[in-house]
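Engineer: build me a structure from this.
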Amino acid sequence: MKNFNSGKYIYQGYYRSFQPGLINKQFQVEDMEVIQLLSRADRELGRLDMYSKYIPDIDLFISMHVLKEATRSSRIEGTQTNVDEAILEREDIPVESRDDWDEVRNYIRAMEWAINALRHLPFSSRLIRETHKILLQGVRGETKQPGDFRTSQNWIGGAAISDAVFIPPVYSAVAKLMGDLEMFVNNEDISLPELLKTGLIHYQFETIHPFLDGNGRIGRLIIPLYLVSKGILQSPILYLSEFFEKHRKLYYDNLMVVREKNDLAQWFKFFLTGIIQTSETGIKTFDSIMQLQKSTEKHIQSLGRRAVNAKIVVDSLYKKPIIDAEKVREVTGISFPSCYKLISDLEKLGILKEVTGNQRGRKYVFDRYLSLFR
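Structural biologist: Sure thing, here's the model as predicted:
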């Protein structure tokens, strides 16, 4: 990458922080491997985006993609909540696991708010700060300036700053660096391809580390936000957290290679590989969903007059694949005896699976659908 300067270390007494270079300028890509990977990534992402354009009920399935991303992104930060737990209500979660569950649910709320906000707000520091505020609301990071850039030094890795793996820039530099990042995001004169721009935005944000807590989750969240804001994706259906978690050491190593060796090309190769592999996985998941939807509708037809209400129930399960008799009544408007009969029918068809083992207050999951996100 011509004209790229990662930055420099600055001694701050007993430690040294990293001061990133500014990025709101033109760059020139010369590495042919990056260009080839970029071409593949564009193709695969385009194939994935086709689902947003041509599947009429795509919004039914996005909720579970967001939920899976929330569990994966939060897991990188140490939470243990899995997909099966994330679909439950808070009162159904063991008390000792509720803090983790709260963080996952906050991630979902933050993502949903940000996607809606893009309709009237540009991709900006304001959008990032407001999203961060929701992310940390009422959870373990609520005392660490939610929605505000930090006013003290932070660090990554190590029990103390003296043995930190990486120390971001001093807090007094954050406003200028984030302002530069925002100008880069919205600078239409910069000719860098959008996927490379996305990768650079993520790298720069993680290097600035502008918040006291939640930087990793926000940094991963802004990838689909940026792609949606630029119209590259119609819906937020690309999430890299699973790839980053699977290759966690490589992820951190490649970020450090940029800072230590000024090697942005190596980071781009890793990032584009993530887009390619994640897009391919997303395509397979959507194909599996379409096949499941087709076979499920075929089974439902065997219910005769109850097929209409059965379809209403199943459609609600694509958004949240857990249900009880009260929810069946809510979405269909039928009596409780009819609800229990419908649930029994869906159990016999293998669509619903009882998961509580209780005589009362039973809950049922759409297990074949849920398994696609495990």
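Engineer: quickly find the element holding K284.
Structural biologist: helix 264-300 (DSSP states H and E).
Engineer: which positions in that helix come out as buried?
Structural biologist: 264-279, 281-283, 285-286, 289, 292-293, 296, 299-300 (16 or more other CB atoms under 10 Å). Using the backbone N, CA and C atoms, a C-beta is placed for each residue, glycine as well.
Engineer: next, the buried residues of the worst-scoring helix or strand of the chain on mean pLDDT.
Structural biologist: When the helices and strands of the chain are scored by mean pLDDT, DSSP states H and E, helix 59-76 comes last with a mean of 86. For helix 59-76, the neighbour count (16+ other CB under 10 Å) marks 60-76 as buried.
Engineer: elements contacting whichever helix or strand comes after it?
Structural biologist: Sequence-wise, the next helix or strand downstream of helix 59-76 (DSSP H and E) is helix 83-86. On a contact count with 3 or more CB pairs under 8 Å, 6 or more residues apart in numbering; DSSP states H and E, helix 83-86 meets helix 59-76, helix 98-117.
Engineer: now do the longest one against helix 59-76, angle only.
Structural biologist: Right, the one you point to is helix 98-117. Using axes from the mean of the first three to the mean of the last three CA atoms, to 10 degrees, the inter-axis angle of helix 98-117 relative to helix 59-76 is 130 degrees.
Engineer: tabulate the CA atom coordinates of the next helix or strand along the chain from helix 98-117 in PDB.
Structural biologist: Using DSSP H and E, the helix or strand that follows helix 98-117 towards the C-terminus is helix 125-135. Provided in PDB are the C-alpha atoms of helix 125-135 (Å, rounded to 0.1, in the frame of the first residue of the first chain):
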ATOM      1  CA  SER A 125     -18.900   9.200  15.200                       C
ATOM      2  CA  ARG A 126     -22.300  10.100  16.500                       C
ATOM      3  CA  LEU A 127     -23.800   6.800  15.300                       C
ATOM      4  CA  ILE A 128     -20.900   4.900  16.800                       C
ATOM      5  CA  ARG A 129     -21.200   6.600  20.200                       C
ATOM      6  CA  GLU A 130     -25.000   6.200  20.400                       C
ATOM      7  CA  THR A 131     -24.600   2.500  19.500                       C
ATOM      8  CA  HIS A 132     -21.900   2.100  22.100                       C
ATOM      9  CA  LYS A 133     -24.300   3.700  24.700                       C
ATOM     10  CA  ILE A 134     -26.900   1.000  24.000                       C
ATOM     11  CA  LEU A 135     -24.200  -1.700  24.100                       C
END
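Engineer: ok now helix 125-135, how far from the chain's centre?
Structural biologist: 15 Å (CA atoms, centre = their mean, to the nearest Å).
Engineer: just the buried positions in it, please.
Structural biologist: For helix 125-135, by 16+ other CB under 10 Å, it's L127, I128, R129, E130, T131, H132, K133, I134, L135.
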